[in-house]
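need coordinates for the below:
(chains A and B)
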Amino acid sequence: MSTLFDVFTYVTVSAGAFFFLAGSVGLLRFPDAYARLHALTKADNLGLALIVLGLLPHAGSVLAGLKLVVVWLLVLLSSATVSQLIARAQRRRETGS
Amino acid sequence: MTELVAGGVVLLLVALAIWIVVAREAFLAIAGFVAYGLLLSLVWVRLYGIDVAMTEAAIGGGLTGALLIGATSRLRGTEKAAWAQRCGASTRVVAFLVSAVVATTLALCVLLLPDPAPTLAPEVSADIAATGVGNPITAVLLAFRAVDTLLEAIVLVIALIGVWSLAADGFWGGRPGVRQRVDPDGIFAYFARVLAPIGVIVAVYIVWVGADHPGGKFQGATLLAAMWLLVLMTGIADAPPISRTSLRIGLVIGPLVFIAIGFVGALVSGAFLAYPDGFAKPLIVAIELALTPSLTLILGLLLAGAPERGAVP
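Residues are numbered from 1 along each chain as shown, chains lettered A, B, ... in the order given. Next up, the predicted model:
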């Protein structure tokens, strides 16, 4: 059973790391601010979700697992808000208003 | 494998440090500095210094980064002029040499330490039980080195007075910063409404567990200050005028309680900040609880800046 958990962790954490990598490549390669935000927020949130999911079997207690999930939700909330604010600031700069 | 990761983090840290020094724009250097603080907190986790890691992430990366961003946005207008006045090549070579000598000396000092390094750790850990505090960092900071912690709190008050002293004469006693106008139904106000209560709960938890687990007043107060600033930035609440008496009392209550307990120790146990037998833990908890609101107000107002308008909103 624990081997199964380990395999699960390896697979999900590696997938999460891949999404982080993809998000970072997008941040470096995409042409404008909106596309870069798109790459960062979507890919990184999914990557963090996969990493949290992978760590859950090793959290030790239900409370520790819940804390991990809460960390993910808080990052989700703040990155969604910050990307909105950055996109709005960028649009204001472009329209010059 | 972990050695490989640790080595990679160290290389990144050195590269970031060089980047911070050579960056052409202050803002880029600060972005590097914030990332540097977060990476450094990873290093502290690796060294089992969870308390230090939390402080580094909250204060080193977060709060100091925000302070520096505020400073650089004020200096943006003069940054080009400052670059034009760059000192000559000879001065820069001398500065580089002095820095290199200092860095080499420090590195040599660390490398030439006797093995095992001289340490008080065994004696300290033998006596920690006497304080009744389960977290050794808290025990050291508030029992064995309480004077340092007291002075830190007082230095922060003095720093805040320094920030306030930048106010124009007409605004002395007024409210810091500008009144923020944010769409009350917008995403930013919504974010503050959702996050602030959660942040306050987490901060109180961090202060409370500080006695027995990693955490404590500095980390908790930084988080509380961040939540307060979030509420100020979204215009949900306005910053208080710095002349308000209750605010002034809140700023000094923590250090005053600390000093008062110190003098009680001088009378009862014969030394300043010595805790009477059996009362160490309640007194340490009392100091932490008294310092938390003061530190929150100080850190928040440090970031809010000098008064820029009158006391009337």
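
would B:Arg24 count as being in a helix?
No. Going by DSSP: H, G, I helix; E, B strand; the rest coil, the assignment for B:Arg24 is coil, not a helix.

tell me which parts of the stretch 151-300 of chain B are close to chain A?
Within the stretch 151-300 of chain B, the residues that sit near chain A (CB under 8 Å from any CB of the partner chain) are B:187-188, B:190-191, B:194-195, B:198. Bear in mind the C-beta positions are built from the backbone N, C-alpha and C, glycine included.

which of the helices or strands spans the residue nearest the centre of chain A?
Centroid check for chain A by CA atoms, centre = their mean gives A:Asn45 as the closest residue, at 2.0 Å. A:Asn45 is part of helix A:33-55 when elements are defined by DSSP states H and E.

and after that helix, which helix or strand comes next?
Taking DSSP H and E, what comes next after helix A:33-55 is helix A:62-95.

please identify the buried residues of that following helix?
Across helix A:62-95, burial judged by 16 or more other CB atoms under 10 Å in any protein chain shown covers A:65, A:68, A:72, A:79, A:81-84, A:86.

now stretch B:255-274
By 16+ other CB under 10 Å, the buried positions in stretch B:255-274 come out as B:255, B:257-259, B:261-262, B:264-265, B:272-274.

using CSV, lay out those together with secondary structure.
Below are these laid out as CSV (three-state DSSP):
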residue, secondary structure
B:Pro255, helix
B:Val257, helix
B:Phe258, helix
B:Ile259, helix
B:Ile261, helix
B:Gly262, helix
B:Val264, helix
B:Gly265, helix
B:Phe272, coil
B:Leu273, coil
B:Ala274, coil
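
returning to what we had before: and of the buried residues of helix A:62-95, the nearest to B:Val110?
When the buried residues of helix A:62-95 are compared for distance to B:Val110 (CB to CB), A:Leu68 wins out at 36.1 Å.

and for the residue nearest to that closest one when sequence neighbours are not counted, the neighbour number?
Excluding its sequence neighbours, the residue lying closest to A:Leu68 (CB to CB, 6 or more residues apart in numbering or on different chains) is A:Val52, at 4.9 Å. By other CB atoms under 10 Å in any protein chain shown, the residues close to A:Val52 number 21.

quick check: A:Val52 touching A:Leu74?
No. Contact criterion CB atoms under 8 Å: A:Val52 and A:Leu74 do not qualify, at 11.4 Å.

distance of the residue sitting furthest away from the middle of chain B relative to B:Ala103?
Centroid-distance maximum for chain B: B:Ser90 at 36.4 Å, with CA atoms, centre = their mean. Distance of B:Ser90 to B:Ala103, computed by CB to CB, to the nearest Å: 20 Å.

one more: B:Ala226?
When B:Ala226 is compared with B:Ala103 (using CB to CB), they lie 33 Å apart.

who has more neighbours, these two?
Under the criterion of other CB under 10 Å, the comparison of B:Ala226 against B:Ala103 puts B:Ala226 first, with 22 against 10.

by contact count, what packs against the strand or helix carrying the more buried one?
Using DSSP H and E, B:Ala226 falls within helix B:217-233. With contacts taken as 3 or more CB pairs under 8 Å, 6 or more residues apart in numbering or on different chains; DSSP states H and E, helix B:217-233 sits against helix B:50-55, helix B:187-209, helix B:280-304.

gap between the residue lying closest to the residue nearest to the centre of chain A once chain neighbours are set aside and A:Ala15?
Spatially, and ignoring its direct neighbours in sequence, A:Asn45 is nearest to A:Leu76 (5.5 Å; CB to CB, 6+ apart). A:Leu76 is 18 Å from A:Ala15, where distance means CB to CB.

pLDDT at residue 67, what is it?
Just so you know, I chose chain A. For A:Lys67, the pLDDT comes out at 91.

my question was about chain B, not that one.
pLDDT, B:Leu67: 90.

one more: B:Gly173?
The model reports B:Gly173 with a pLDDT of 84.

and for the one 3 residues further on?
On the pLDDT scale, B:Pro176 is placed at 88.

what of B:Val94?
Looking at B:Val94, its pLDDT reads 94.

now it: which helix or strand?
Element membership of B:Val94 [criterion: DSSP H and E] is helix B:89-111.

what are the phi and psi values at B:Glu25?
Backbone torsions for B:Glu25, taken as degrees, to the nearest 10, come to phi -110, psi 140.

OK, contacts around the residue nearest to it when sequence neighbours are not counted?
Residue nearest to B:Glu25 in three dimensions, not counting chain neighbours: B:Glu79, with 7.3 Å by CB to CB, 6+ apart. By CB atoms under 8 Å, 6 or more residues apart in numbering or on different chains, B:Glu79 lies in contact with B:25-26, B:72.

and with 10 Å instead?
Contact analysis of B:Glu79 by CB atoms under 10 Å, 6 or more residues apart in numbering or on different chains lists B:24-27, B:72.

please apply the same query to A:Leu55.
A:9, A:12-13, A:16, A:64-65, A:68.

pLDDT weak spots in chain A?
Low-confidence segments of chain A (pLDDT under 70): A:1, A:97.

looking only at stretch B:9-21, what residues are buried by neighbour count?
Buried-residue list, stretch B:9-21, by 16+ other CB under 10 Å: B:13, B:16, B:19-20.

okay, now B:Leu111: neighbour count?
B:Leu111 has 7 neighbouring residues, counting by other CB under 10 Å.

find the nearest non-adjacent residue to the residue of chain A at minimum distance from chain B, please.
With CB to the nearest CB, the shortest gap between chain A and chain B falls at A:Thr81, namely 4.1 Å. Counting by CB to CB, 6+ apart, A:Thr81 lies nearest to B:Phe191, which is 4.1 Å off, once chain neighbours are set aside.

could you report the pLDDT at B:Gly61?
85.

same check, this time on B:Glu25
For B:Glu25, the predicted pLDDT is 84.
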